[in-house]
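Sequence and computational prediction follow.
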Amino acid sequence: MSTDRSAAAFDLDGAWELDSRVSIRPERFGALLYHFGTRRLSFLKSRTMLAAVQALTDHPSARAACAEAGVAQAELPRYRAALAALAASDMIHPRSV
């Protein structure tokens, strides 16, 4: 599946959470995410993206988490693509509400 299609398929209105096997290490540029189950490493390239990922569990949707993190409406497609990549690598997954 192409990145554009998987980003478009990512449900911003769904409830998401960080996988319990993922550790976050904040950095000046954003953060490093390490998945202890898959041994994958992901980079969050901004503090805003870090804030959005950390807010996922506390909000009813990824869209609400992004809004809380300060993501402007015009930036939402870029953040949707980043969240889709995190979902594809099992860093985040749908949360049962």
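Received, thanks. Numbers count the residues shown, from 1 in each chain.

and the longest helix for the protein?
Looking across the chain with DSSP state H, the single longest helix is helix 76-88.

Just the mean pLDDT for it, thanks.
Averaging pLDDT along helix 76-88 yields 96.

strands paired with the helix or strand just after it, and their directions?
Reading on from helix 76-88 to the C-terminus, the next helix or strand found by DSSP states H and E is strand 92-94. Paired strands of strand 92-94, with direction, are strand 16-18 (antiparallel) (DSSP bridges).

can you list the residues that contact the strand it pairs with?
24, 53-54, 56-57, 61-62, 65, 83, 87, 91-95 (C-beta atoms under 8 Å, 6 or more residues apart in numbering). In this view, the C-beta of every residue, glycine as well, is placed from N, C-alpha and C.

rerun that using 7 Å as the cut-off
V53, L56, T57, A62, M91, I92, H93, P94, R95 (C-beta atoms under 7 Å, 6 or more residues apart in numbering).
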